[in-house]
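J.: quick check, what structure comes out for this input:
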Amino acid sequence: MPDPTFRKARVDDVPSIVAMLADDELGAKREWPDDLTPYRTAFVAIDTSPDQFLVVAEHDGELVATAQLTFMAGMSSRGMTRALIEAVRVRSDRRGSGVGSALIRWCIEAARERGCGMVQFTSNAARTDARRFYERLGFKASHVGFKLML
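T.: Numbers count the residues shown, from 1 in each chain. I've put the predicted structure just below:
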């Protein structure tokens, strides 16, 4: 499959994005695609922020992947700006086709263009396939992450 095209997400992409987020064991437990209201609210916040970018990948007119980038100024590492990649999803019928690798390469290039010195992300510890995927792309599991649900 040739590389997909990448573009900024539009509000009419929200149903497809949420479907991808819900389309795995972990997402099925935390996403509610039947009520898109909170997702549309989040979309507006992301879309209007200069430090956020919600990207989608299209192939043959269909959405096949998505990711969210957050650009963060930082005080450590000599004031380095970082890009945080979140909510990476490839449609289940396109996994293993190279779409995910193309998406991450696109995110890395977008971070470079914004002057970022680092790209970082978190991935649920249960996602062992995802860990291998990111390691193949050159990422190092260098930190331990913590979360507190509020």
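
J.: quick check: phi and psi at L63.
T.: phi -80, psi 130 (degrees, to the nearest 10).

J.: sorry, wrong one. I was asking about R132.
T.: Here R132 shows phi and psi, under degrees, to the nearest 10, equal to phi -60, psi -40.

J.: quick check: it vs G117, distance?
T.: 25 Å (Cβ to Cβ, to the nearest Å). For the C-beta atoms, the positions are set from N, CA and C on the backbone; glycine is no exception.

J.: out of those two, which sits in the busier spot?
T.: G117 (14 against 10; other Cβ atoms under 10 Å).

J.: quick one: R94 and T66 touch, right?
T.: No. With contact defined as Cβ atoms under 8 Å, R94 and T66 do not form a contacting pair (11.5 Å).

J.: who's more crowded, these two?
T.: Neighbours per residue (other Cβ under 10 Å) separate R94 from T66, with T66 holding more: 23 against 19.

J.: and the host helix or strand of that one, how far from the chain's centre?
T.: Using DSSP states H and E, T66 sits in strand 62-72. In terms of Cα atoms, centre = their mean, to the nearest Å, the centre of strand 62-72 is set 4 Å apart from its chain centre.

J.: partner strands of it, with direction?
T.: Applying DSSP bridges, strand 62-72 is found paired with strand 52-59 (antiparallel), strand 82-90 (antiparallel).

J.: spatially nearest residue to the spatially most central residue of the chain, not counting backbone neighbours?
T.: In the chain, the residue lying closest to the centroid (Cα atoms, centre = their mean) is A67, at 2.3 Å. For A67, ignoring the flanking residues on the chain, the nearest one in space by Cβ to Cβ, 6 or more residues apart in numbering is V88 at 4.5 Å.
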